[in-house]
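> what's the 3D shape of this:
(2 chains)
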Amino acid sequence: MTTIWNATFISELLLSMIRMATPILIVAIAELYSEKAGLVNIGLDGIMAFGSLVGFLVSYITGNPYLGLFAGAFGGIAINMVYAVCTIQLGAEQIVYGMAINIFAPAIASFIYKIYFGISSSLISAQLMKPLPIPVLSHIPYVGDVLFNHTPIVYLAYLLVPLTYVFFNKTRAGLNYTAVGEYPKAAESLGINVIRTKYIASIICGFLAGLGGAYLTTCYISTYSDGVVSGRGFIALSAVIFGRWAPGGVLLAALLFGFTDALQLRLQVLNSGMPYQLLAMIPYLCTLFVLAFFGIKKAGPKANGKPYFKEER
Amino acid sequence: MKLRNQIIKIIVPILAILLSFLIGGILIAAIGGNPKEAFLYLLKGAFGSKANVGESFVKATPLIFTGLAATFAYRCGVFNLGAEGQFVMGAVVSVYIGTTVTGLPDALLITVSLICGAITGGLWGFIPGILKIWRGLNEMIVSIMLNYVAILFMGYLYSGPLREGSVPQTAAVTAKLMRLFGLSRMHIGIVIAVVLAGIIYYFMFYTDGGFKLRAVGLNSTAAAFNGFPVNRLMILSFVISGAIAGLGGSVELHGTQYRLMSGFGQGYGFDGVAIALIGQLNPIGTVLVAYLFAVLRTGATTMQVGTGMPTSVIDIIQALVIVFAVAGSAFVNLPKVRQFIVGASFPENPLKRKKNTPDAIEKGVGES
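Numbering: from 1, shown residues only, chains lettered A, B, ... in the order given. Sure, this is the predicted structure:
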């Protein structure tokens, strides 16, 4: 076992970590935008599934993975609007409705796939997005390849972290936004439109979660299959908790989960004799352990999960 | 008032089902099919022959178990999304017992195996319960993660230590649940499921323990003030919920599948949650909705063969039912709508319906 820890292995591992952390990071930030406005959305898995299908389909038809990625994001918005209307307007319980989305969205995705490609289709693959190495920086030995030789969406995902931080902590709009999740009534009395903010939150959340889903089928695996998301939405949800609702924390959490995912993949490739099922458990078990040791009780926006009715006293 | 609430609780899911079929029909027409023909094939597939009728009961059995598991947990205010993992773990233990223990009469072996399955499911359900109470973890995330662990563990077993032959699957258990009425594969598991639903119904609505459990689910703060052991009740409900799902896995193994292979139990956990929610968290409603889902699934195959419509049309209809049922329940609980419904019959006192009247508490899950 000692021989495998050489430079190639480690750089492959880190490269793969960055790649695997990306969808989790994007989707965790999606959830962050949702929860900061008081909307707990556990339908991320479903939104991702739909985003991955739309992304794959558009990229397959047009041959352009960038278009696919974009379309996937808008697919995510479409699905999340169902959630938004029912939870914001009707005051449906957010957890329950998120669950409904988790059942509903993959069913639609699977249906569309089967309609388009026929009932008994063989594996169909689309073009994957090509990495776009950043000039100069990507030539730095060791580090360059790991950090600066990715698809553009990866850079975008990591750029989202400081942007989100600045938005929530340094801008007036961001502080107003946060107020909606903390104490909507006070926010309303200060002239902040709570309902509108919640809708904006849902649009951002849907866009990013759809993008994260589409990433899977346009940048990672070149084909769509049911269950392609395999719980990443829930891992993203735990990344938000583990990251304590702060963009920087979420980044660390996503990298950690990305690392476990990369580790099990690399070990599978190495064919060390361990059955792959046991290796594949690593990310899920790590999530559990990390949460059990570092998760904290009662944190996050205070009005999280509560329906808001303007008329209510 | 109570009666009115009951009626609304029944009408909402029925409307949701009808609306979903309507949209399903439109969808079929949109992709070039004939909705009437498709639905006729669906009915024919579900009720056309004795074998098909039996097949619906076979398909309903595991769904009832996972539906009851979801119902039981949610009534106590905890969300068990891990029924699939508990179901799988129950079956894993049963396949181990069923293929290694010898010398016992079949009936005894099955009894032992079912009990062990339930215990294992209960233990698997204990993990999210204790982590929620002890570490304040979100039980949904924990139970989902445990689903993946359980499924991978099962995969490891049927392709590794418990593998039989060249195909990745375990050996078949020899002790099988009794078949019923000669209706295809229909077995006594459906009876176990329905009896269990009856027991849970009685427990929940007619016993002290059930009352406490529901009290925690409706308002855990109030329950704590009344001296109810909230934490213990939450863990207990998780354990029992897991045990129900685990028992379901054992029954499915001894009654229908006999062996573990890829796809065993897949999707039953989320289906159970959907069924429980559409059934308005009522054990009897759960059984009825599970049966409806099973009928749709049995009919779907015939529909696919007869009309070329993919079976996933049925998945969409099921998914729509949950979307509409949950939205509908929320809609009728909106303050304005409630006032309209209630106010129409009691015009002299429309303002009394504030948030915390007994009536609002009575309506149960909509409020928490």
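> Which residue lies nearest the spatial centre of chain B?
residue B:67 (1.3 Å; Cα atoms, centre = their mean).
> And the residue nearest to that residue when sequence neighbours are not counted, what's its pLDDT?
Nearest residue to residue B:67 in three dimensions, chain neighbours excluded: residue B:275, at 3.7 Å (Cβ to Cβ, 6 or more residues apart in numbering or on different chains). All C-beta spots, glycine's among them, are computed from the backbone N, C-alpha and C. As predicted, residue B:275 sits at a pLDDT of 90.
> still on that earlier bit, could I get the buried residue list for the helix or strand that the residue nearest to the centre of chain B is a member of?
In the assignment (DSSP states H and E), residue B:67 maps to helix B:50-75. Buried positions in helix B:50-75, judged by neighbour count with 16 or more other Cβ atoms under 10 Å in any protein chain shown: B:52-75.
> How about stretch B:134-151?
In stretch B:134-151, counting by 16+ other Cβ under 10 Å, buried: B:137-151.
> Chain A next: which of those residues are close?
B:137-138, B:140-142, B:144-149 (Cβ under 8 Å from any Cβ of the partner chain).
> For residue A:259, give me its contacts.
A:13, A:17, A:20-21 (Cβ atoms under 8 Å, 6 or more residues apart in numbering or on different chains).
> so can I have TSV of those showing distance to chain B, secondary structure and neighbour count?
Shown next, in TSV, are the contacts of residue A:259 (distance: Cβ to the nearest Cβ, whole Å; DSSP: H, G, I helix; E, B strand; the rest coil; neighbours: other Cβ atoms under 10 Å in any protein chain shown):
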residue	distance to chain B	secondary structure	neighbour count
A:13	21	helix	18
A:17	20	helix	23
A:20	16	helix	24
A:21	17	helix	27
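> Columns pLDDT on top of the residues you listed, output as JSON lines?
Listed next are the contacts of residue A:259 as JSON lines, based on pLDDT from 0 to 100:
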{"residue": "A:13", "pLDDT": "84"}
{"residue": "A:17", "pLDDT": "89"}
{"residue": "A:20", "pLDDT": "88"}
{"residue": "A:21", "pLDDT": "91"}
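> helix, strand or coil for residue B:32?
Under the three-state scheme (DSSP: H, G, I helix; E, B strand; the rest coil), residue B:32 adopts coil.
> mind checking how far it is from residue A:115?
Residue B:32 sits 10 Å away from residue A:115, going by Cβ to Cβ, to the nearest Å.
> These two: which is more packed in?
Taking neighbours as other Cβ atoms under 10 Å in any protein chain shown, residue B:32 and residue A:115 compare with residue A:115 leading, 17 against 9.
> pLDDT value on the more buried one, please?
pLDDT recorded at residue A:115 is 82.
> cool, and residue B:344?
55.
> Likewise for residue B:360?
For residue B:360, the pLDDT comes out at 41.
> Kindly report the same for residue A:254.
92.
> Ok, the one 4 residues further on next?
pLDDT, residue A:258: 90.
> these two touch, right, it and residue A:24?
Yes: if you go by Cβ atoms under 8 Å, residue A:258 and residue A:24 touch, sitting 6.1 Å apart.
> element containing the most centrally placed residue in chain A?
The residue lying closest to the centre of chain A (Cα atoms, centre = their mean) is residue A:27, at 1.7 Å. Using DSSP H and E, residue A:27 sits in helix A:7-36.
> Just list what that helix packs against, helices and strands only.
Helices and strands touching helix A:7-36, by 3 or more Cβ pairs under 8 Å, 6 or more residues apart in numbering or on different chains; DSSP states H and E, are helix A:44-62, helix A:143-148, strand A:149-150, helix A:152-170, helix A:172-182, helix A:194-215, helix A:232-242, helix A:247-270.
> In PDB, please show the C-alpha coordinates belonging to the second one.
Below are the C-alpha coordinates for helix A:143-148, written out as PDB (Å, rounded to 0.1, in the frame of the first residue of the first chain):
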ATOM      1  CA  VAL A 143      -0.100  22.900  -8.600                       C
ATOM      2  CA  GLY A 144      -0.800  24.100 -12.100                       C
ATOM      3  CA  ASP A 145      -2.400  21.000 -13.300                       C
ATOM      4  CA  VAL A 146      -4.400  20.400 -10.200                       C
ATOM      5  CA  LEU A 147      -5.800  23.900  -9.900                       C
ATOM      6  CA  PHE A 148      -5.800  25.500 -13.300                       C
END
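> List of residues touching that helix?
Helix A:143-148 is contacted from outside by A:11, A:14-15, A:18, A:133-134, A:137-138, A:140, using Cβ under 8 Å, 6+ apart.
> OK, contacts around the closest residue to residue B:33 other than its chain neighbours?
Counting by Cβ to Cβ, 6+ apart, residue B:33 lies nearest to residue B:309, which is 5.1 Å off, once chain neighbours are set aside. For residue B:309, the contact set (Cβ under 8 Å, 6+ apart) comprises B:28, B:31, B:33, B:38, B:303.
> Reformat those residues as a markdown table; add neighbour count and distance to residue A:125.
As requested, these are arranged in a markdown table below (neighbours: other Cβ atoms under 10 Å in any protein chain shown; distance: Cβ to Cβ, whole Å):
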| residue | neighbour count | distance to residue A:125 |
| --- | --- | --- |
| B:28 | 22 | 29 |
| B:31 | 12 | 24 |
| B:33 | 18 | 29 |
| B:38 | 23 | 31 |
| B:303 | 28 | 30 |
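> how about low-confidence regions in chain B?
For chain B, the stretches flagged by pLDDT under 70 are B:1-2, B:182-183, B:341-368.
> What does whatever residue of the stretch 251-368 of chain B ends up closest to chain A show for phi and psi?
Using Cβ to the nearest Cβ, the closest approach of the stretch 251-368 of chain B to chain A is made by residue B:330 at 3.4 Å. Residue B:330 has phi and psi values of phi -70, psi -40 when expressed as degrees, to the nearest 10.
> Does it touch residue A:88 like I think?
No: Residue B:330 is beyond contact range of residue A:88, at 10.8 Å (criterion: Cβ under 8 Å).
> anything in contact with each of those two?
With Cβ under 8 Å, 6+ apart, residue B:330 and residue A:88 have no common neighbours.
> near chain B, which residues of the stretch 1-150 of chain A?
Within reach of chain B by Cβ under 8 Å from any Cβ, the stretch 1-150 of chain A has these residues: A:42, A:82, A:86, A:90-93, A:95-97, A:99-100, A:102-104, A:107-108, A:110-111, A:114-115, A:119.
> Quick check: PyMOL command selecting the buried ones in the residues you listed.
Per 16+ other Cβ under 10 Å, the buried members of the residues of the stretch 1-150 of chain A next to chain B correspond to this PyMOL selection:
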select buried, chain A and resi 42+82+86+90+91+92+93+95+96+97+99+100+102+103+104+107+108+110+111+114+115
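> Mark which of the residues of the stretch 1-150 of chain A next to chain B are part of helices, please.
Among the residues of the stretch 1-150 of chain A next to chain B, the ones falling in helices (DSSP state H) are A:82, A:95-97, A:99-100, A:102-104, A:107-108, A:110-111, A:114-115.
> Greatest separation within those: which pair is it?
A:95 and A:115 (31.0 Å; Cβ to Cβ).
> can you pull the buried residues of stretch B:307-325?
Residues of stretch B:307-325 classed as buried: B:307, B:309-325 (neighbour count, 16+ other Cβ under 10 Å).
> What about these, which are in helices?
B:307, B:312-325.
> Let me know the next secondary structure element after the helix holding residue B:67.
Using DSSP H and E, the next helix or strand after helix B:50-75 towards the C-terminus is helix B:83-100.
> where do the helices sit along the stretch 101-250 of chain B?
B:106-135, B:139-159, B:189-206, B:208-218, B:220-225, B:230-252 (DSSP state H, counting those that start in this stretch).
> for the third one, packing partners?
The helices and strands touching helix B:189-206, judged by 3+ Cβ pairs under 8 Å, 6+ apart, are helix B:50-75, helix B:208-218, helix B:230-252, helix B:283-307.
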